[in-house]
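J.: Below: sequence and its predicted model.
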Amino acid sequence: MNDARKEKRKEKIFRAAVCCFNKKGYYETTIDAIASKAKVSKGSIYYYFKSKKELFLELFHYRVNKYFDQLKDYIKEEKSPDIRLRMFIDKSSQFLKENEDFFRFCLEFLSMGVREPEIRKVMTIFYKDSIDTFKQLLEEGVKSGKFKDLGSDRVARTIYFLFMGVFFTYFSVNVDFDLNKQHKFHINNILTALNN
């Protein structure tokens with residue numbers, strides 16, 4: 001099987017897995033259920049993944065890396081640090097709305113990190129990568145004279161905490177806000193504080 005077909009088959013399995021994990025949760029979901037939803041054999045799933053846990057972890061890695069790569073690609077041509085930061089946040093909000101099924105799955109993934117060291121390790125890497133990305137954008141702004149130096153580590157964490165807070169709220173309560181408007185409000189206030 002060529003690489004393109006393998007990727008297509010894996011994506012099909014991932015889509016089915018997201019549905020199953022969202023419907024029943026990690027512990028109640030079986031490989032049989034995922035195979036049935038994907039309309040593939042159980043053996044096909046085991047061809048790509050040794051276990052349900054490996055599928056669960058790889059699904060998170062694959063999709064998160066894909067979205068991060070798309071975000072970085074989306075902002076790479078823009079030179080102005082404040083516009084790049086705004087674009088990054090806006091596009092993140094758009095991904096959240098367009099891929100609600102995956103981000104609902106992320107809620108299950110994150111909650112398991114409380115008890116599962118392997119998942120906590122993956123989430124720690126995600127946290128550090130997110131902070132590094134925000135920090136880089138902020139440091140470019142400080143270097144260019146566009147932003148005040150308020151401590152890029154602390155501001156990067158503030159952006160991350162805001163995003164994660166909105167994310168958790170969006171998927172765990174009946175929201176009374178528009179996601180994009182709320183993010184714009186956050187980023188406008190952060191930029192107001194940062195702007196020289």
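T.: Everything's here; your move.
J.: would you list every one of the helices in the chain?
T.: Per DSSP state H, the chain carries helices over the ranges 3-28, 31-38, 42-48, 52-75, 81-98, 100-112, 117-143, 152-172, 179-194.
J.: so residue 34 makes contact with residue 48?
T.: No - counting by CB atoms under 8 Å, residue 34 sits too far from residue 48 to count as a contact (11.1 Å). Glycine gets a C-beta too; all of them are placed from N, C-alpha and C.
J.: more neighbours, these two?
T.: Between residue 34 and residue 48, counted using other CB atoms under 10 Å, the more crowded position is residue 34 (24 against 15).
J.: check contacts around that one.
T.: 13, 16-17, 20, 45, 52, 55 (CB atoms under 8 Å, 6 or more residues apart in numbering).
J.: tell me the two of those that are most distant?
T.: Farthest-apart pair in those is 16 and 52; separation 12.6 Å (CB to CB).
J.: circling back to that earlier point, dump the helices of the chain to TSV, plus mean pLDDT.
T.: Putting the helices of the chain into TSV (pLDDT from 0 to 100) gives the following:
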stretch	mean pLDDT
helix 3-28	92
helix 31-38	96
helix 42-48	93
helix 52-75	92
helix 81-98	84
helix 100-112	90
helix 117-143	93
helix 152-172	89
helix 179-194	84
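J.: tell me, what's touching residue 34 and residue 48 both at once?
T.: The contact sets of residue 34 and residue 48 overlap at 13, 55 (CB under 8 Å, 6+ apart).
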